[in-house]
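>>> Got a predicted model here, sequence first, then my questions.
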Amino acid sequence: MKNPRVALAGGLAVAVILQSCSGWIDPYTTQVILFAAINVILAVSLNLVMGETGQFSLCHAAFMAVGAYTSALLTGKALPFLLPHCSWTGTSVASQLWFLPVLIAAGVVAAIAGLIVGGPSLRLRGDYLAMVTLGFGEIIRVLLQNTDAVGGSRGMEGILPATNLFWAVGAAALTLYTMISLVRSTYGRGFQAVRDDEVAAAAMGIDTTRFKVTAFVIGAFFAGVAGALYAHAVEFISPEGFNFLRSFEIIVMVILGGLGRPVGVAIAAVLITLLNEWLRDLSQYRMVVYALIIILFMILRPTERLAHYIRGLMTGLRFRIFRA
Amino acid sequence: MIRPMNFPGEIPLLEVKNCSLRFGGISALTDVSLRINEGELVGLIGPNGAGKTSLFNILTGVYRPTEGAILFEGQPTAGMPPHRINTLGMARTFQNIRLFGSLDVRMNVRTSFIARLRNGLVDTVRRGRSFRREEGEIQEEGSRLLAYFGLEQAASHSSRSLPYGDQRRLEIVRALATKPRLLLLDEPAAGMNPTEKEELKSLITRIRTEFGTAVLLVEHDMKVVMGICERLYVLDQGKVLASGTPAEIRANPKVIAAYLGESHGKNHEKSHEKSRREEVP
C-alpha cells in the first residue's frame, strides 16, 4: 500500500456496498460488524499514541465516553429542539447525512478533552503519564455517574439508532487512512523519533511535547467519533460501559496487533471483537478462555502474519490493475 | 549585515560569557567564557569530570546555566528548549550514540527535516501536490547526504544493524541534515579503531571546508584533536584552564599538569581512557 488513498477508496466502497446490502444481513451480524468497525477506530487511534509515539495512555475509553455522551445529548436534546419537524430515521443516505456533523462534534469535544489532559501531563514521562491518564479516566466516569442531566449511573437510553454499516465502516476506513498517511510521511516519522529517543529527537529540532500532544489529541478525536458511533449503535450508554476495563481491552488490541503497525492493529481489533462474540456461550468460563487465547495470540502472532499477507495481496492487486 | 567585530576578520558565531552551572552545592562549571568564530574548528579537551559534557549540555539547552549568557549569532539562547536551539542552527551528536533504533538509515536522516517542513499535519493527511513535492525534495536531499558520506549502500538497513563507525557517521549526517551553522561533536572518536579515527579526522575537515560549518569538538583522543583543530580550550574542574593553538596548548605547563598529573605519569592518561563514561540525562 504505497498510496493509502487506494485503501481509503476501497474501504469506503466496502462501506457503501455493505450498506446497500444491509437488508440481507441479519441484525446480529450487522451488530458484530458495527462493533468490529468501532473497535478498529478505537484501536488504530490508540495505536498513534501508544504504538507510534510511545506514550502509555490508560484513558482511551474516557475519550470514547466524552464522544458518546456529546453525541447522545446532541441527537437526544439539541437537534429535536433546533429542528423539531425533521424525521431522523430515514433509510436513504441523504436523510442520514445529519449524523456527520454529530460525529464530528463528538470528535471535537473529545479532542478538546484530550488537549486538556494531554497538554500538562505529556510533559511527564512513562509511569507518571499512565497514572495521570488512569486518574482522568476515573474522573470522567465518576463525573458522568453524578450528573443527573445525563442520567447519572442509570445512563442514557432511547438514543436514535443512527449508526449503520456505512457510517461505522466508512469511519473505520477513514481512521485507518488518516493514521497510515500520517505515519508514512516525514512529518509522521516525528512520532516514532519521539518514541525511540526523546533527547535525540529534541536535538534534531523536533518539538517533542508538541508531537506528543498532537498524537494525544488526534487519538482522542477518533475515540470520540467511535464513542458517538457506539452510542447510536447500542442505543443505550452508561458510565460503567466506559470504565478502565474498556480502555484495557483497547490496549490489548494495540499490543496484539503489534505496536506501531496500523494494519495489524486493525486486524487484531476485528479478531478480538469476534472472539468476544464466540465466547459468549461459555458464560462464566469466558474470561479464562479469553486469557488463554490472548496468550496464544502473543506466542503465535497471527495478526502480524495476516497483516503481512494482506499487504502482499494489496500490492499484487495493484500490480494487476496497472498491468491491465 | 554588519556585525560587531572583536577581531578583524573574525565573526563570533557562538559566545559563552561567564557561564556557571551548579547542582546544589556542586559546581560543574565556574565562570566559563569561550567563543567560536564563523567556520572555525575548535577543540574542547580536559580530563574526566572537567565539565566538558556539562558545557555541551548548557550549549544545547539540556541545562540552563545558573549564571552567565550564551549568545548564538548575537541571540541569547540560555534557557531555550533544545529543539529551538537546533532550529537556530546548532546541531549536536551524542557521546553514547542516540540513533532512532526502529527507523532505517534513510528515515533517521529524514527526521532532521521535520522542524523545517512547509506542509503541516493536514497537508500530510491530504497528500496534495505540494506535500508530494516536498517529500520528493527531502528524499533527494537525504539520499545526496547519505551518498556524500558513503552510507547510500546502507540506506534501507536498520540503523541498529550498522557497524559502530557507520553509526557514528550516521549521527553526524543526521545532525548535518538540520543545516547547522555550528556542529557540536561529543567524543566522536570514542570506541573507534585507528582506521576509523583517521576516517573521522578527514570527515570532520571535509564537513568544515565543504559545508562551511563551524565545529566544536569534544574529544579525549589527543591525536584527533591536535591533528585537526585550529584552536583548543582546556577545561579543568569546571574552569577554562587554557586556550590557544595546539602547539601552545601542548607546551603549556598548566595543561600538562592537569592532564597528566604533576609527575607527568603516562599511566594516568590510560586510566582516563578506561573510565571514560559520562552520561547525558
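Yep, that arrived.

>>> For chain A, what is the nearest residue in the stretch 51-200 of chain B?
B:Ala115 (3.2 Å; C-beta to the nearest C-beta). Where C-beta positions appear, they are placed from N, C-alpha and C, glycine not excepted.

>>> Just list the residues touching that residue, thanks.
Shown in contact with B:Ala115 (C-beta atoms under 8 Å, 6 or more residues apart in numbering or on different chains): A:204-207, B:83, B:86-87, B:178.

>>> any idea which element residue 227 lies in?
With no chain named, the answer covers chain A. Assessed by DSSP states H and E, A:Gly227 sits inside helix A:208-234.

>>> actually chain B
With DSSP H and E as criterion, B:Gly227 is part of helix B:222-228.

>>> Buried residues of that helix, list them for me.
Buried residues in helix B:222-228, counted by 16 or more other C-beta atoms under 10 Å in any protein chain shown: B:224-226, B:228.

>>> hmm, back to that, now, which of the contacts of B:Ala115 sits nearest B:Ser158?
Of all those, A:Met204 has the smallest distance to B:Ser158: 18.3 Å, by C-beta to C-beta.

>>> For the closest residue to B:Asn252 other than its chain neighbours, name its beta-bridge partners.
Of all residues not flanking B:Asn252 in the chain, B:Ala242 sits nearest, at 5.0 Å (C-beta to C-beta, 6 or more residues apart in numbering or on different chains). Beta-bridge partners of B:Ala242, counted by DSSP bridges, are B:Val234.

>>> for B:Ala242, what are its contacts?
B:232-234, B:248-249, B:252, B:254-255.

>>> Show me the strands in the stretch 201-324 of chain A, by range?
With DSSP state E, counting those that start in this stretch, the ranges of strands along the stretch 201-324 of chain A come out as A:236-237.

>>> quick one: low-confidence parts of it?
A:303, A:314-324 (pLDDT under 70).

>>> what does it put close to chain B?
A:201-208, A:214, A:260 (C-beta under 8 Å from any C-beta of the partner chain).

>>> Which parts of the stretch 151-281 of chain B are strands?
Counting by DSSP E, counting those that start in this stretch, the strands of the stretch 151-281 of chain B are B:182-186, B:214-218, B:231-236, B:239-244.

>>> how many neighbours does A:Ile299 have?
Neighbours of A:Ile299 under the rule other C-beta atoms under 10 Å in any protein chain shown: 7.

>>> Against chain B, how distant is it?
Distance, A:Ile299 to chain B, by C-beta to the nearest C-beta, to the nearest Å: 22 Å.

>>> I'd say A:Met298 and A:Leu256 touch.
Yes: using C-beta atoms under 8 Å as the test, A:Met298 is close enough to A:Leu256 to be in contact (7.1 Å).

>>> Pick out whichever of the two has more residues nearby.
Between A:Met298 and A:Leu256, counted using other C-beta under 10 Å, A:Leu256 has the larger neighbour count: 23 against 11.

>>> quick one: the nearest residue to that one once chain neighbours are set aside from A:Pro239, how far?
Excluding its sequence neighbours, the residue lying closest to A:Leu256 (C-beta to C-beta, 6+ apart) is A:Ala268, at 4.2 Å. Separation of A:Ala268 from A:Pro239 (C-beta to C-beta, to the nearest Å) stands at 27 Å.

>>> quick one: which of these two has more around it?
A:Ala268 (29 against 22).

>>> Please enumerate the helices of the stretch 51-200 of chain B.
B:52-59, B:82-88, B:105-110, B:121-126, B:129-148, B:164-176, B:194-211 (DSSP state H, counting those that start in this stretch).

>>> will you turn those into a markdown table that also has mean pLDDT?
A markdown table is the format used below for the helices of the stretch 51-200 of chain B (pLDDT from 0 to 100):
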| stretch | mean pLDDT |
| --- | --- |
| helix B:52-59 | 89 |
| helix B:82-88 | 92 |
| helix B:105-110 | 92 |
| helix B:121-126 | 85 |
| helix B:129-148 | 90 |
| helix B:164-176 | 90 |
| helix B:194-211 | 88 |
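
>>> could those helices be laid out in TSV, adding mean neighbour count and distance to chain A?
Output for these, formatted as TSV (neighbours: other C-beta atoms under 10 Å in any protein chain shown; distance: least, C-beta to the nearest C-beta, whole Å):
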stretch	mean neighbour count	distance to chain A
helix B:52-59	23	10
helix B:82-88	21	4
helix B:105-110	24	5
helix B:121-126	16	5
helix B:129-148	15	5
helix B:164-176	21	7
helix B:194-211	16	17
